[in-house]
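Peer 1: Dropping the sequence and predicted coords here.
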Amino acid sequence: MKKLFGVIGDPIAQSMSPQIHNDAFEQHNIDGVYLPFHVAKDALQTSVKGWRALGGCGFNVTIPHKVKIMQFLDGVDQDAQQIGAVNTVVNESGKLVGYNTDGAGFVKGLKEITSFHEKNVAIIGAGGAARAILYSLSKENVEEITVANRTESKALELIKSLHLETLANASSILQLEETLSKYDIIINTTSVGMYPNEDEMPISLSFLKKNCVVSDIIYNPLETKFLKEAKKQGAITQNGVPMFVNQAAIAFEIWTNIKPCNTRMEQIVMEHLGGKTC
């Protein structure tokens, strides 16, 4: 019988995880299958019980289950515990153990275009993705991190909850816009600008520093209005594809102890989204 893997979420039809993981299984001669499972909020506990009964090997967790899933697992990795969210679960000798590969996947992707050493970083948003990215960036020897959110108190709450060693400050969106020129790296972790609302931007870029790095974790569209405007002003830009691919590759390695080909995974994603593959 094939080894069972999958992803749970609501919605789930848009997920490209099955394409990249099933291809990786084939490339590495693993007799496995990766399937999408639509799981509503009130069915999460039941679905985990079902997974145990089926003897599944591992699964990914996406919106809206990344936090709640933790209470139904047998163990949670230290980093995932600190972040307060799980996006990858592995069956370790009958015990379901949770990990978070989002932050590490993002950092690995951004390292392809910049260093973090002594950089001033601004993170837009204070949700689950911001939490994982803030935690991982705090380990990268950055100078200072500012978390900006429409509700500033939520940004402050996020910072305090992580007990970071790196200097981190909370800010309103307006304050960030007015002081934008001090930042070397700006990261949008919100859904503002995602399809079908492609004309929206999370912040104004009027005071953007030239040659800064601007990242948007959105990958549909491949280039948001936010990234287009940043590029016009001379910024180095990156969309959400590297984060998506890297977090998936880390999860695959957790499940199989095999490092998949990130380049091949990225090519599959780009072809699916209608982008260039070279």
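Peer 2: The structure has been received and is ready for your questions.

Peer 1: residue contacts, the residue lying closest to T256 once chain neighbours are set aside?
Peer 2: Residue nearest to T256 in three dimensions, not counting chain neighbours: I30, with 6.3 Å by Cβ to Cβ, 6 or more residues apart in numbering. Where you see a C-beta, it was placed from the backbone N, CA and C, and this is true even at glycine. By Cβ atoms under 8 Å, 6 or more residues apart in numbering, I30 lies in contact with K3, A24, T256, I258.

Peer 1: what's the burial count for the last one?
Peer 2: If I follow you right, that is I258. I258: 12 surrounding residues under other Cβ atoms under 10 Å.

Peer 1: same question, D31
Peer 2: When neighbours are counted by other Cβ under 10 Å, D31 comes out with 9.

Peer 1: For F226, see how far away P202 is.
Peer 2: As judged by Cβ to Cβ, to the nearest Å, P202 and F226 stand 6 Å apart.

Peer 1: who touches both of those two?
Peer 2: Joint contacts of P202 and F226 (Cβ under 8 Å, 6+ apart) are N188, V192, G193.

Peer 1: pretty sure S15 contacts V7?
Peer 2: Yes. Using Cβ atoms under 8 Å, S15 is in contact with V7, at 5.5 Å.

Peer 1: Of the shared contacts of P202 and F226, which is the nearest to S181?
Peer 2: N188 (17.4 Å; Cβ to Cβ).

Peer 1: and the closest one, bridged to which residues?
Peer 2: I124, D216 (DSSP bridges).

Peer 1: That one: neighbour count?
Peer 2: N188, neighbours per other Cβ under 10 Å, totals 26.

Peer 1: before we move on, what about S181?
Peer 2: Quick note: S181 (other Cβ under 10 Å) scores 11 neighbours.

Peer 1: isn't there a strand covering it?
Peer 2: No. Under DSSP: H, G, I helix; E, B strand; the rest coil, S181 falls outside any strand and is assigned helix.

Peer 1: got the contact list for it?
Peer 2: Per Cβ under 8 Å, 6+ apart, neighbours of S181: F207, L208, K209.

Peer 1: what separates the second one from L110, distance-wise?
Peer 2: According to Cβ to Cβ, L208 and L110 sit 17 Å apart.

Peer 1: I'd like the mean pLDDT over stretch 152-162, please.
Peer 2: Averaged across stretch 152-162, the pLDDT comes to 94.

Peer 1: now that stretch, how far from the centre of its chain.
Peer 2: For stretch 152-162, the gap between its own C-alpha mean and the chain's C-alpha mean amounts to 19 Å (Cα atoms, centre = their mean, to the nearest Å).

Peer 1: Could you give me the buried positions within that stretch?
Peer 2: Buried residues in stretch 152-162, counting neighbours by 16 or more other Cβ atoms under 10 Å, are found at E152, K154, A155, L156, L158, I159, L162.

Peer 1: can I get the residues you listed in a markdown table with distance to I20?
Peer 2: A markdown table is the format used below for the buried residues of stretch 152-162 (distance: Cβ to Cβ, whole Å):
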| residue | distance to I20 |
| --- | --- |
| E152 | 37 |
| K154 | 33 |
| A155 | 33 |
| L156 | 37 |
| L158 | 30 |
| I159 | 33 |
| L162 | 30 |
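
Peer 1: Could you dump those residues into CSV with distance to D42 and secondary structure added?
Peer 2: Output for those, formatted as CSV (distance: Cβ to Cβ, whole Å; DSSP: H, G, I helix; E, B strand; the rest coil):
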residue, distance to D42, secondary structure
E152, 32, helix
K154, 25, helix
A155, 30, helix
L156, 31, helix
L158, 27, helix
I159, 32, helix
L162, 29, helix
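
Peer 1: Which members of those residues are the farthest-apart pair?
Peer 2: Using Cβ to Cβ, the buried residues of stretch 152-162 reach their maximum pairwise distance at E152 and L162, which is 16.5 Å.

Peer 1: Please confirm that L176 is located within a strand.
Peer 2: No. Looking at L176 with three-state DSSP, it is helix, so not inside a strand.
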